[in-house]
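> Following is a predicted model, sequence given first.
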Amino acid sequence: MCAYQRRSSPGLDPTALRGLLRPPHDTDHLVDQVRAHLELHDGYLAFSGGKDSLVALHLARQADPNVPVCFFDDGLAYPETYTYIADLTAAWNLNLAAIRSPKSTLEILVADGSWSHHRTVHARNSLMSNKITKPATIAHQRYGPGLIWGLRADESEARRRMFTASIASGTPGSCHRTDETTTFSPVWNWGSDQIWGHIARYEIPVNPVYEKLRRLGAPTHAQRVSSLLDAGHLELGRMVWLKRGWPELYQVLVDALPRAAEYA
Amino acid sequence: MTAHQALRITATLSVGIAHASPWTVALDGLLASEIWHQTKRRQPPTAPAMEAAYPPDLDLPLARCELDPTWWHWAATCGWPDTRSDDPEIRYWSTRLDQRHVGQTATRLPQHLSDAKGPWKAFWMPLPVTVTKSLVWHAFGDPEAILELLEPITAIGKKRSQGEGRVTTWRVEPAPIDEFTAGHLSPAGELARPCSPACLRGRPDITDGGAGYAAVRPPHMHPSRRTDVRLPAPI
């Protein structure tokens, strides 16, 4: 498993330099907040293999080294992500549970019909429900209603609104949801630079998919390690990077979902 | 039948070639495309090849590699650039609905035309480009027939209508290489085309792109041509 990789070229690496700066957040306070959240609600940490949930995991392990860690597996993660999570589990002795979605994301997309010109579009199954909600319900029943995750406000307008509401309710970064769960993100007000700075500072092993996408030339917004394919970010070239970096997986997906080729 | 020989085919490019795969255009694909194009001009319109369950193999002026008789392929490689760079060149293309144009041309419009979702969604797409002065293919075939098919081709790769992949000259010349090299390997000695694992049996020293799933002969986009292969080494 690769630790955080500094660039081999001799130029300045801003990410490595950010790791040398004083952290903008009080890390000890964040660890205390995570500990308090887990003591109050019990629960688990949701880990996707991405950089944000990695930092949340790094903080949560300082609060409780045995915190349950759940990976929601929809069957369409990058192959490197599965290896990375297995390696990280061994290296950090994680209390990891992989919870599979009821159906694979690919099954749902194929059944949907809209990815082929020769198929009738059927009633849509919710990817969100299959990939997140149902596995999360299992995790809540197993570990309790307190969820630690790595959501950040600057990722989308909806998340910004959600965390703005959490400030108004007096619990910044924490949200109470209709399914009776209470979430807390210790990195809710961090920027992407601060996430990478934290990873560099503590030399945390990071998912190799990021480095591969960077080497392919993918811009920062396209360096994502979530599912190989869903309906998001297709118009920003998600299939182009898949075809360039994982041509064999691309071809398998295109066989199952012919219209995916239109986005490469 | 014309005697086939080992060939080196060179396309001089004005700026480079845009391509999404980690390898560039296959010579057999270029030749098949040109033959198909000429056939369409001569004959009345026929059904697109992609709609046939099993489109016929066109008669290309190339030898066949039948080391795997089921998944045979034409003896020709994908293009190889004269230089390789670690820094990828990424260009972008975009589309956005011209709301004023729509307003002028349509008689009735919905209340809101969203460019964030649906059929009018705006695109901002990356276009990986290999910047190179020339591309080189190896092949085992008929030089005169190959040159005759290639000469009308003025641009190759993606986004040709936007000026990418402009070809200034084609050159076809004999190459002092054996038939296997001509049908499989790049000038660097690496695998330069998708091929059946049977082609590489007993040749463990050849660098390739690993096991994969891809088309072995044209039409490359047709599912009937895809199988488990050894992939070309990335350029």
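Yes, it's here.

> residues in contact with the residue positioned nearest the centre of chain B?
Nearest to the mean C-alpha position of chain B, counting by C-alpha atoms, centre = their mean, stands B:V25 at 2.7 Å. Contact analysis of B:V25 by C-beta atoms under 8 Å, 6 or more residues apart in numbering or on different chains lists B:17, B:19, B:78-79, B:135, B:156-157. Backbone N, C-alpha and C define where each C-beta goes, glycine included.

> how does it look with 7 Å?
The contact partners of B:V25, taken as C-beta atoms under 7 Å, 6 or more residues apart in numbering or on different chains, are B:19, B:78-79, B:156-157.

> same check, this time on A:F71
When contacts are counted by C-beta under 7 Å, 6+ apart, A:F71 touches A:47, A:85, A:96, A:98.

> Buried ones from these, can you make that a ChimeraX selection?
Only the buried entries of those go into this ChimeraX selection, using 16 or more other C-beta atoms under 10 Å in any protein chain shown:
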select /A:47,85,96
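
> Could you single out the nearest of the contacts of A:F71 to B:A63?
In terms of C-beta to C-beta, no member of the contacts of A:F71 lies closer to B:A63 than A:I85, at 47.7 Å.

> The closest one: which element?
For A:I85, the enclosing helix or strand under DSSP states H and E is helix A:79-92.

> and the helix or strand just after that helix, what other elements does it pack with?
Proceeding N to C from helix A:79-92, the next assigned helix or strand is strand A:95-100, under DSSP H and E. Counting contacts by 3 or more C-beta pairs under 7 Å, 6 or more residues apart in numbering or on different chains; DSSP states H and E, strand A:95-100 is packed against strand A:68-73, helix A:134-143.

> I'd like those written out as a markdown table, with mean pLDDT added.
A markdown table is the format used below for the helices and strands packed on strand A:95-100 (pLDDT from 0 to 100):
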| stretch | mean pLDDT |
| --- | --- |
| strand A:68-73 | 96 |
| helix A:134-143 | 92 |
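
> quick one: which of the ones you listed is nearest A:A222?
Among the helices and strands packed on strand A:95-100, the nearest to A:A222 by C-beta to C-beta is strand A:68-73 (22.1 Å).

> Sheet-wise, list the partners of the closest one with their directions.
Paired strands of strand A:68-73, with direction, are strand A:44-46 (parallel), strand A:95-100 (parallel) (DSSP bridges).

> what's the most buried one of these?
strand A:44-46 (a mean of 26; mean count of other C-beta atoms under 10 Å in any protein chain shown).

> The next helix or strand after it - what's its average pLDDT?
Note on strand A:44-46: by DSSP H and E, the next helix or strand toward the C-terminus is helix A:51-63. Per-residue pLDDT over helix A:51-63 has a mean of 97.

> Contacts made by helix A:51-63 with the rest, please.
Helix A:51-63 has contacts (C-beta under 7 Å, 6+ apart) with A:30-31, A:34-35, A:38, A:45-47, A:67, A:69, A:92, A:148-150, A:152, A:185-187, A:195, A:198-199, A:202, A:204, A:206, A:210.

> helix or strand for B:R8, which one?
Short version: B:R8 belongs to strand B:5-13, going by DSSP H and E.

> Partner strands of that strand and their direction?
Short version: by DSSP bridges, strand B:5-13 pairs with strand B:134-141 (antiparallel), strand B:167-174 (antiparallel).

> List the buried residues of the last one.
By neighbour count, and taking 16+ other C-beta under 10 Å as the criterion, the buried residues in strand B:167-174 are B:167, B:170, B:172.

> Tell me, how many residues neighbour the residue nearest to the second one when sequence neighbours are not counted?
Spelled out, that is B:W170. Excluding its sequence neighbours, the residue lying closest to B:W170 (C-beta to C-beta, 6 or more residues apart in numbering or on different chains) is B:L150, at 4.5 Å. Residues near B:L150, counting by other C-beta atoms under 10 Å in any protein chain shown, number 20.

> A:T181 is in contact with A:H140, correct?
Yes. Applying C-beta atoms under 7 Å as the test, A:H140 and A:T181 come out as touching, 5.6 Å apart.

> Let me know the pLDDT of whatever residue is furthest in space from the centre of chain B.
In terms of distance from the mean C-alpha position of chain B, B:Q111 ranks first, at 43.2 Å (C-alpha atoms, centre = their mean). On the pLDDT scale, B:Q111 is placed at 81.

> Any idea how far the longest helix seen in chain B is from the middle of the chain?
Across chain B, the longest stretch assigned as helix under DSSP state H is helix B:27-42. How far helix B:27-42 lies from its chain's middle: 13 Å, per C-alpha atoms, centre = their mean, to the nearest Å.

> Only C-alpha atoms, please: export it in CSV.
Written as CSV, here are the backbone C-alpha positions of helix B:27-42 (Å, rounded to 0.1, in the frame of the first residue of the first chain):
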residue,chain,number,x,y,z
LEU,B,27,-4.6,0.8,-38.9
ASP,B,28,-7.1,-2.0,-39.7
GLY,B,29,-9.9,0.3,-38.4
LEU,B,30,-8.7,3.1,-40.6
LEU,B,31,-8.6,0.9,-43.7
ALA,B,32,-12.0,-0.7,-43.0
SER,B,33,-13.5,2.7,-42.4
GLU,B,34,-12.2,4.0,-45.7
ILE,B,35,-13.5,0.9,-47.6
TRP,B,36,-16.9,1.2,-45.9
HIS,B,37,-17.0,4.9,-46.8
GLN,B,38,-16.2,4.2,-50.5
THR,B,39,-18.7,1.4,-50.6
LYS,B,40,-21.4,3.7,-49.3
ARG,B,41,-20.6,6.2,-52.0
ARG,B,42,-20.9,3.6,-54.8
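
> other SSEs contacting it?
helix B:143-150.

> how far off strand B:5-13 does the helix it packs on point, in degrees?
30 degrees (axes from the mean of the first three to the mean of the last three C-alpha atoms, to 10 degrees).

> Would you indicate which residues of helix B:143-150 are buried?
Within helix B:143-150, the residues that count as buried by 16+ other C-beta under 10 Å are B:143, B:145-147, B:149-150.

> what's in contact with that helix?
Helix B:143-150 has contacts (C-beta under 7 Å, 6+ apart) with B:2, B:5, B:7, B:9, B:30-31, B:34-35, B:61, B:139, B:170, B:172.

> so how far is it off the chain centroid?
Worked out by C-alpha atoms, centre = their mean, helix B:143-150 lies 17 Å from the chain centre.

> Stretch B:9-16 too?
Relative to the mean C-alpha coordinate of its chain, stretch B:9-16 is positioned 14 Å out (C-alpha atoms, centre = their mean).

> what do you get for stretch A:128-141?
Relative to its parent chain, stretch A:128-141 has a centroid offset of 15 Å by C-alpha atoms, centre = their mean.

> What residues of it count as buried?
Neighbour counts over stretch A:128-141 (16+ other C-beta under 10 Å) mark A:130-131, A:134-136, A:139-140 as buried.

> Following the chain past the helix or strand bottoming out on mean pLDDT in chain B, name the next helix or strand.
Least confident element among the helices and strands of chain B, by mean pLDDT, DSSP states H and E: helix B:99-105 (a mean of 87). Where DSSP H and E defines the elements, the next helix or strand beyond helix B:99-105 is strand B:123-130.

> Can I get that next one as PDB, trimmed to CA atoms?
In PDB, the C-alpha atoms belonging to strand B:123-130 read as follows (Å, rounded to 0.1, in the frame of the first residue of the first chain):
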ATOM      1  CA  PHE B 123     -21.300  19.500 -21.300                       C
ATOM      2  CA  TRP B 124     -17.700  20.300 -20.300                       C
ATOM      3  CA  MET B 125     -15.700  17.300 -21.500                       C
ATOM      4  CA  PRO B 126     -12.000  16.600 -21.400                       C
ATOM      5  CA  LEU B 127     -10.200  15.600 -24.600                       C
ATOM      6  CA  PRO B 128      -6.900  13.800 -24.000                       C
ATOM      7  CA  VAL B 129      -4.500  14.600 -26.800                       C
ATOM      8  CA  THR B 130      -1.200  13.000 -27.700                       C
END
